[in-house]
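A.B. asks: Using only what follows, build the 3D model:
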Amino acid sequence: MFGPIDVVAAASAALPVGVLVGVLVWRRRRAAHRATSDAWIDGAIVGWLVAVAVATLTPLDAFLEVGGRPDVVLTPFERLHGAPVAYAVVNTLLLAPLGFLFVLRGRRPRYLAAVAGGASVSLIIEVLQLLHPERGTNVDDLILNTAGVVVGGLLGAMARPLRPSRRRAVGSRRDRRGREPMGTG
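C.D. replies: Predicted structure coming up:
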């Protein structure tokens, strides 16, 4: 099956998918005179979600020696005590980029929506792993993933002021019907 290196390589290969999606979304919005910098964020979100899906839904025969047989653990922190530190770090960092990107996206930061979205992604992952014969479900993963989204969202909120202005040049602004606004021409 797959080993840890194979999973990392496959997940990394998914990131260019996000770049492609970003370019395609940006071009479509540009053709419709609605190009925004959010197209790149959308692409990064899609790329990261694909990478996360590959990493979390790939069978991990090589990791079974570390984690034992796949099973369902619904008691919080039952398996966390005594687990390798890398387990907690990886699960915390897994969805942190989504929190970061969700908060950067849009005109106003939507921190609670970002946390809810990231927690929902984590819950979907755990349900899919429950249905996967070679993966286990652990409530600790949900807790650690959501904590990562919270941290990523906080970092995104701190990075928002660093984003370039979303305004376009006056000559390129048009209303919904494609006409120049009054007083600009």
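A.B. asks: show me what contacts Ala83?
C.D. replies: With contacts defined as CB atoms under 8 Å, 6 or more residues apart in numbering, Ala83 has no neighbours. Every residue, glycine included, has its C-beta placed from N, CA and C.
A.B. asks: Ignore what I typed, I meant Leu101.
C.D. replies: Contacts for Leu101 (CB under 8 Å, 6+ apart) come out as Ile41, Ala44, Ile45, Trp48, Gly152, Gly156.
A.B. asks: The same query, at a cut-off of 7 Å, please.
C.D. replies: Applying CB atoms under 7 Å, 6 or more residues apart in numbering to Leu101 gives the contacts Ile41, Ala44, Ile45, Gly156.
A.B. asks: okay but the first one is in contact with Gly106, surely?
C.D. replies: When you say that, I think you mean Ile41. No: look at Ile41 against Gly106 with CB atoms under 7 Å: they stay out of range, at 8.8 Å.
A.B. asks: C-terminal to the helix or strand containing Leu24, which secondary structure element comes first?
C.D. replies: Assessed by DSSP states H and E, Leu24 sits inside helix 4-31. Per DSSP H and E, the first helix or strand lying C-terminal to helix 4-31 is helix 38-57.
A.B. asks: who does that next one touch, helix- and strand-wise?
C.D. replies: Where contact means 3 or more CB pairs under 7 Å, 6 or more residues apart in numbering; DSSP states H and E, helix 38-57 is packed against helix 4-31, helix 96-104, helix 111-131.
A.B. asks: Next one: Gln129, what pLDDT does it get?
C.D. replies: Here, the pLDDT recorded for Gln129 equals 88.
A.B. asks: which non-adjacent residue is nearest it?
C.D. replies: Distances taken as CB to CB, 6 or more residues apart in numbering place Arg135 nearest to Gln129, at 4.0 Å, with adjacent residues excluded.
A.B. asks: That neighbour belongs to a helix?
C.D. replies: No: if the criterion is DSSP: H, G, I helix; E, B strand; the rest coil, then Arg135 is coil and not within a helix.
A.B. asks: okay, now the closest residue to Leu24 other than its chain neighbours: neighbour count?
C.D. replies: Nearest-residue entry for Leu24: Gly43, 8.0 Å, with adjacent residues in sequence omitted and distances by CB to CB, 6+ apart. Neighbour count of Gly43, defined by other CB atoms under 10 Å: 23.
A.B. asks: Quick check: Gly43 touching Val21?
C.D. replies: Yes: with contacts counted by CB under 7 Å, Gly43 reaches Val21, the gap being 4.3 Å.
A.B. asks: you'd agree Val25 is up against Ile41?
C.D. replies: No: contact status for Val25 versus Ile41: not in contact, 9.7 Å apart, counting by CB under 7 Å.
A.B. asks: Residues that sit against both of the two, list them.
C.D. replies: By CB under 7 Å, 6+ apart, no residue touches both Val25 and Ile41.
A.B. asks: Let me know the pLDDT of the residue nearest to Ala39 when sequence neighbours are not counted.
C.D. replies: Excluding its sequence neighbours, the residue lying closest to Ala39 (CB to CB, 6+ apart) is Trp26, at 3.6 Å. Looking at Trp26, its pLDDT is 70.
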